[in-house]
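Novice: Give me coordinates for this.
(chains A, B and C)
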Amino acid sequence: MVEENILVDPLGLAIIVLLLTSFILIYRVIAGPTLPDRIVGLNTITTKIVVVIALLSVLLKEYYLIDLAIVLLLVNAVGGLIFSKHFEKEGER
Amino acid sequence: MIIEYTLLAIGLSIMIFGMLGVLRFPDVFSRLHASTKCDTGGAMSILIATALLIDTPFMIKVKILILTFFIVMLNPMISHAIARGAHKAGVKPEVEVDMYARDNP
Amino acid sequence: MSRVTFYLRERIEEIKSRYELERQESKKLPKEEKMILTWIIILIFWFIVSGEFYWQNMLVGGIVALIISSFMYENLTDDLRCRGSLVRKILFLSFIQIPQYIFIMIFQVVESNFRVAKHAIFLDIDPGIIRIETDLRSETGTTLLSNSITLTPGTLTIDVSKKLDKTYLYVHWIDVKTLNMKKAGDEIKGDVERWLKKIFW
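Specialist: Next up, the predicted model:
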């Protein structure tokens, strides 16, 4: 049921741009001077991936993927809270 | 039709500028500015454009709007937690006045 | 002589704030209204997430939402101001006040995005961490205010501290204009605090 070339669609172009920006943001995750910098990069990438999953579910007409996007967003929030508690106790390492 | 494509283009350019801000700003707190605001605004406009653009059952559009609402509510909370944790862990902010370090020695 | 009057005025201010706090404690919503509000919110969320409307689904959702709201009713609606009846409050919330809030926040978010884009291109930043004071005392109101401050242009909330029944927010401001607490508070909070004071304590 997939159309021939979904990437010609404007939403497909949006997916390509989002993936490119998240690929460039990996630089901040690898070369961040401290641990909070890396966490900031990871959170930014995850929000972009949530948008990509929502766009993909619309493009492929498989609507259960939106639930998956909501769950990924909640896991991202809990992960950010746990990391912040961690380096509040242990110092940045 | 024009409104949706304008919203999509604005969202994508906001995402690109947010990436530029995360790469170029000098310390954690300024990077959090770029990350939080640009991610929230860009995701909001892209998802609203998507919900207006597609022709699906009504509940799917409402679900996408609920996803937008969650992003708007949760993203500032994570940035707040990371900023507080980073300041308590000893990351020195490059600022001129720092009342938080003065009040909590 | 003048010092004595100054001291008296300070004492009167303190007693007034204590009186406000006591009145807040005594005028919370009754328990049934809290449970009904929580039940409605959880049920709306269940309908949107499940997305189907046959009767078994609605029955199971209603029962589970009732069980959850019977012991979680304090978390969500503890800080609402008590004013008028329940139906009037629900109508006011859903048709006047929440659209007002969305209308305020949309312009702020758009302006903050363009400001961050400008700062990212030219790198003309001048940051500082300053302290402002709010009139809100409840937990939910403070949370919503700090989220809104994070989304308004140029500011990011770092921490909240409560000392002597006053609430202070520490804000990272990306170009500091003034260090005065009142002026900075007026500049940063804007319309949002006036809106939030109508609903929360």
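Novice: From here on, just use CA atoms for contacts and neighbour counts.
Specialist: Fine.
Novice: which residues are contacting the helix or strand where B:Val22 lies?
Specialist: Take DSSP states H and E as the rule and B:Val22 turns out to sit in helix B:2-24. The set of residues external to helix B:2-24 that reach it, using C-alpha atoms under 8 Å, 6 or more residues apart in numbering or on different chains, is A:14, A:17-18, A:21, A:24-25, A:28, A:41, B:31-32, B:34-35, B:37-39, B:41-46, B:48-50, B:52-53, C:113-114, C:116-117, C:119-121.
Novice: ok, now with 6 Å
Specialist: Applying C-alpha atoms under 6 Å, 6 or more residues apart in numbering or on different chains, the external contacts of helix B:2-24 come out as B:Arg31, B:Ala34, B:Cys38, B:Gly42, B:Ser45, B:Ile46, B:Ala49, C:Ala117, C:Ala120.
Novice: before we move on, which element is C:Thr157 in?
Specialist: strand C:155-163.
Novice: Could you list every helix and strand in contact with that strand?
Specialist: Strand C:155-163 is packed against helix B:58-89, helix C:139-151, strand C:166-173, with contacts defined by 3 or more C-alpha pairs under 6 Å, 6 or more residues apart in numbering or on different chains; DSSP states H and E.
Novice: Might you list the low-confidence residue ranges for chain C?
Specialist: By pLDDT under 70, the weakly predicted segments of chain C are C:1-3, C:25-27, C:79, C:82-84, C:164-165, C:201.
Novice: which ones are touching the most centrally placed residue in it?
Specialist: With distances taken as C-alpha atoms, centre = their mean, the residue of chain C nearest its centroid is C:Gly141 (2.7 Å). By C-alpha under 6 Å, 6+ apart, the contact set of C:Gly141 is C:Phe200.
Novice: switch the cut-off to 10 Å
Specialist: By C-alpha atoms under 10 Å, 6 or more residues apart in numbering or on different chains, C:Gly141 lies in contact with C:Asp79, C:Leu80, C:Asp135, C:Asn147, C:Glu193, C:Leu196, C:Lys197, C:Ile199, C:Phe200, C:Trp201.
Novice: now it: how far from C:Lys34?
Specialist: 17 Å (C-alpha to C-alpha, to the nearest Å).
Novice: can you check B:Pro76 too?
Specialist: 27 Å.
Novice: what about the residue in chain C that chain A sits nearest to, how many residues close to it?
Specialist: Closest contact between chain C and chain A, by C-alpha to the nearest C-alpha, is at C:Val49 (7.8 Å). By other C-alpha atoms under 10 Å in any protein chain shown, 17 other residues sit near C:Val49.
Novice: Assess the claim that A:Ala77 and B:His80 are in contact.
Specialist: No. Between A:Ala77 and B:His80 there is no contact under C-alpha atoms under 10 Å: 11.3 Å.
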